[in-house]
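In: need a structure here:
(chains A and B)
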Amino acid sequence: GIQVEQSPPDLILQEGANSTLRCNFSDSVNNLQWFHQNPWGQLINLFYIPSGTKQNGRLSATTVATERYSLLYISSSQTTDSGVYFCAVTSVSWGKLQFGAGTQVVVTP
Amino acid sequence: DAGVTQSPTHLIKTRGQQVTLRCSPKSGHDTVSWYQQALGQGPQFIFQYYEEEERQRGNFPDRFSGHQFPNYSSELNVNALLLGDSALYLCASSLRGANEKLFFGSGTQLSVL
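Out: Predicted coordinates for the structure are as follows:
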């Protein structure tokens, strides 16, 4: 199957700071999604972004499919941004959604 | 607009028992996927149901089985429970058998003692 690596594994931010999360994958993908899992376990779909750039409020994401990575940007972080951010991909050769191990983000007041 | 609903929210079982978890997809969705999330890890794909058939399956033993009903709701059954089956079980819904734009339920926390 496809390998998905996320970095950093942990991130501590002060409220108002900006950050970048990275997702590397080992094969060509036709599906890439970013999720946020809040401290209560709820997974929220942030972006469906197999290629290109998208923005949603303070969050934006860029996927460079030819170089096999995606970035999630968090600007002006808030305490409600705390939680685990997951990247999940489906490759052309492995049609099942594969999640990375996640980045644990803690935003302090 | 009803989101994905799962029941029960918590469950405690003992080794060897059997368990059934339930999921109703988001309104308008017809595809249900099940995931297992162990503590501190990302969700692992179990299987996907579309048009009442299992369409894809991850690396899980036959003790894990499922069903989809005509109203698109789904059940996950696990037989002969092991301690290692303790996890958060997540249901996700989507459209037309796709893995795109998944919407997740809040999950069922299963503890096997």
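In: chain A contacts on chain B?
Out: Proximity of chain B to chain A, by C-beta under 8 Å from any C-beta of the partner chain, involves residues B:33, B:41-45, B:56, B:58, B:88, B:90, B:92, B:99-104, B:106-107, B:109. (Each C-beta comes from the backbone N, C-alpha and C, glycine too.)
In: now do the strands in chain A.
Out: A:4-7, A:10-14, A:19-25, A:29-37, A:43-48, A:52-56, A:59-64, A:69-74, A:83-91, A:98-99, A:103-108 (DSSP state E).
In: and the ones you listed as a markdown table, adding mean pLDDT?
Out: What follows is the strands of chain A, written out as a markdown table (pLDDT from 0 to 100):
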| stretch | mean pLDDT |
| --- | --- |
| strand A:4-7 | 97 |
| strand A:10-14 | 97 |
| strand A:19-25 | 97 |
| strand A:29-37 | 93 |
| strand A:43-48 | 94 |
| strand A:52-56 | 96 |
| strand A:59-64 | 98 |
| strand A:69-74 | 98 |
| strand A:83-91 | 94 |
| strand A:98-99 | 93 |
| strand A:103-108 | 97 |
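In: turn these into JSON lines, columns for distance to B:Gln17 and mean neighbour count.
Out: Formatted as JSON lines, the entries for the strands of chain A read as follows, by distance: least, C-beta to C-beta, whole Å; neighbours: other C-beta atoms under 10 Å in any protein chain shown:
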{"stretch": "strand A:4-7", "distance to B:Gln17": "33", "mean neighbour count": "18"}
{"stretch": "strand A:10-14", "distance to B:Gln17": "36", "mean neighbour count": "14"}
{"stretch": "strand A:19-25", "distance to B:Gln17": "38", "mean neighbour count": "19"}
{"stretch": "strand A:29-37", "distance to B:Gln17": "28", "mean neighbour count": "22"}
{"stretch": "strand A:43-48", "distance to B:Gln17": "27", "mean neighbour count": "18"}
{"stretch": "strand A:52-56", "distance to B:Gln17": "43", "mean neighbour count": "12"}
{"stretch": "strand A:59-64", "distance to B:Gln17": "42", "mean neighbour count": "18"}
{"stretch": "strand A:69-74", "distance to B:Gln17": "40", "mean neighbour count": "20"}
{"stretch": "strand A:83-91", "distance to B:Gln17": "30", "mean neighbour count": "24"}
{"stretch": "strand A:98-99", "distance to B:Gln17": "28", "mean neighbour count": "23"}
{"stretch": "strand A:103-108", "distance to B:Gln17": "33", "mean neighbour count": "17"}
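In: for B:Tyr72, which of those strands is the nearest?
Out: strand A:43-48 (18.7 Å; C-beta to C-beta).
In: buried among the residues of chain B next to chain A? Make that a PyMOL selection.
Out: Buried members of these, defined by 16 or more other C-beta atoms under 10 Å in any protein chain shown, are picked up in PyMOL with:
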select buried, chain B and resi 33+42+43+44+45+56+58+88+90+92+99+100+102+103+104+106+107+109
